[in-house]
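Enquirer: Next one to model:
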Amino acid sequence: MKPLLFVLIALCLISMTTVRAAESTLPDLAQEQRAVALGNLFRCVVCQSESINDSQADMARDLRQLVRDKVAAGWSDRQIIDYVRARYGDFILLNPPMQVNTWLLWGAPALFLLIASSGAAAFILRHRKGRPT
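Expert: Predicted structure coming up:
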């Protein structure tokens, strides 16, 4: 009875595993390198901190395949980037372009550094004046 139970449990566990198909690569090495370079430009919309090349999410895999399909179809890099941006917005780009609506994104670190250093300088000067020399 125990061997039968063991076999049934093993079959249940095996049936729950998923088999993923291997990702296709482009036959032309130069095209594959272009597809990989383009994949490094796009953010995974699931992970948000990884490129689609680094992510294992299904959505990233689909985007990698989309990029490969467009490269194989003879699209230029600019056409592929514009195509993906039109569907996902600037958020899909790991390096968003400098635009009016992204100034805060680009300027916030410098602004924060300026405010923090000004506050630290004011704090130090205030405490130095109170100390006798």
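Enquirer: drop to CA atoms for contacts and neighbour counts, all remaining ones
Expert: Noted.
Enquirer: just the CA coordinates of the helix or strand containing Leu66, formatted as PDB?
Expert: Secondary-structure assignment from DSSP states H and E places Leu66 in helix 58-72. Coordinates of each C-alpha in helix 58-72 appear next as PDB, following Å, rounded to 0.1, in the frame of the first residue of the first chain:
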ATOM      1  CA  ASP A  58       6.600  35.600 -18.500                       C
ATOM      2  CA  MET A  59       5.900  39.200 -19.600                       C
ATOM      3  CA  ALA A  60       9.600  39.800 -20.100                       C
ATOM      4  CA  ARG A  61      10.000  36.600 -22.100                       C
ATOM      5  CA  ASP A  62       7.100  37.700 -24.300                       C
ATOM      6  CA  LEU A  63       8.800  41.100 -24.800                       C
ATOM      7  CA  ARG A  64      12.100  39.500 -25.600                       C
ATOM      8  CA  GLN A  65      10.400  37.400 -28.300                       C
ATOM      9  CA  LEU A  66       8.600  40.500 -29.600                       C
ATOM     10  CA  VAL A  67      11.900  42.300 -30.000                       C
ATOM     11  CA  ARG A  68      13.500  39.200 -31.700                       C
ATOM     12  CA  ASP A  69      10.500  39.100 -34.100                       C
ATOM     13  CA  LYS A  70      10.800  42.800 -35.000                       C
ATOM     14  CA  VAL A  71      14.600  42.500 -35.500                       C
ATOM     15  CA  ALA A  72      14.100  39.400 -37.700                       C
END
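Enquirer: List the buried residues in the longest helix anywhere in the chain.
Expert: Using DSSP state H to define each element, the chain has its longest helix at helix 103-129. The neighbour-count criterion (16 or more other Cα atoms under 10 Å) identifies no buried residues in helix 103-129.
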